[in-house]
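> no sequence on this one, just coordinates:
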């Protein structure tokens with residue numbers, strides 16, 4: 001997930017309050033994250049702890065949304081923020097009607 005977002009171990013570490021060595025250990029399975037680390041990593045990666053742990057809720061996910069989320073992979077943080085803003089705009093327009 002880190003690499004798909006174009007982040008180095010150092011950059012992710014800064015965002016999550018961890019050293020690059022700690023990120024490496026977590027990625028290589030040499031270290032297990034505690035709850036706080038898991039939350040910090042999920043926030044740094046703009047995802048959920050469930051996604052980091054590989055837990056899915058396939059029965060509640062709409063197939064169209066999954067395809068949309070796959071298309072978002074590889075976008076920059078700036079691009080993802082633009083998508084979020086557009087979704088908020090669409091919701092606002094819908095609520096006005």
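Right, received. Where do you want to start? Predicted model, so just to flag it, every value in this text is computed and none were measured.
> list the buried residues in the longest helix seen in the chain.
Across the chain, the longest stretch assigned as helix under DSSP state H is helix 77-96. Going by neighbour count (16 or more other CB atoms under 10 Å), nothing in helix 77-96 comes out as buried. Where you see a C-beta, it was placed from the backbone N, CA and C, and this is true even at glycine.
> what does stretch 45-57 give?
Neighbour-count burial for stretch 45-57 flags 45, 52 (criterion: 16+ other CB under 10 Å).
> quick revisit: got a list of contacts for the longest helix of the chain?
Identification of contacts with helix 77-96 by CB atoms under 8 Å, 6 or more residues apart in numbering yields 5, 46, 72, 75.
> mind checking which helix or strand the first one is in?
Just to be clear, that refers to residue 5. Assigned by DSSP states H and E, residue 5 belongs to no helix or strand.
> list phi and psi for the residue nearest to it when sequence neighbours are not counted.
Nearest residue to residue 5, sequence neighbours excluded (CB to CB, 6 or more residues apart in numbering): residue 45, at 6.5 Å. Per-residue torsions, residue 45: phi -90, psi 0 (degrees, to the nearest 10).
> so, low pLDDT: which residues of the protein?
Counting by pLDDT under 70, the ranges of the chain that qualify are 56-63, 65.
> got the angle between whichever helix or strand residue 70 is part of and helix 77-96?
Assigned by DSSP H and E, residue 70 belongs to helix 63-72. Here helix 63-72 runs at an angle of 150 degrees relative to helix 77-96 (axes from the mean of the first three to the mean of the last three CA atoms, to 10 degrees).
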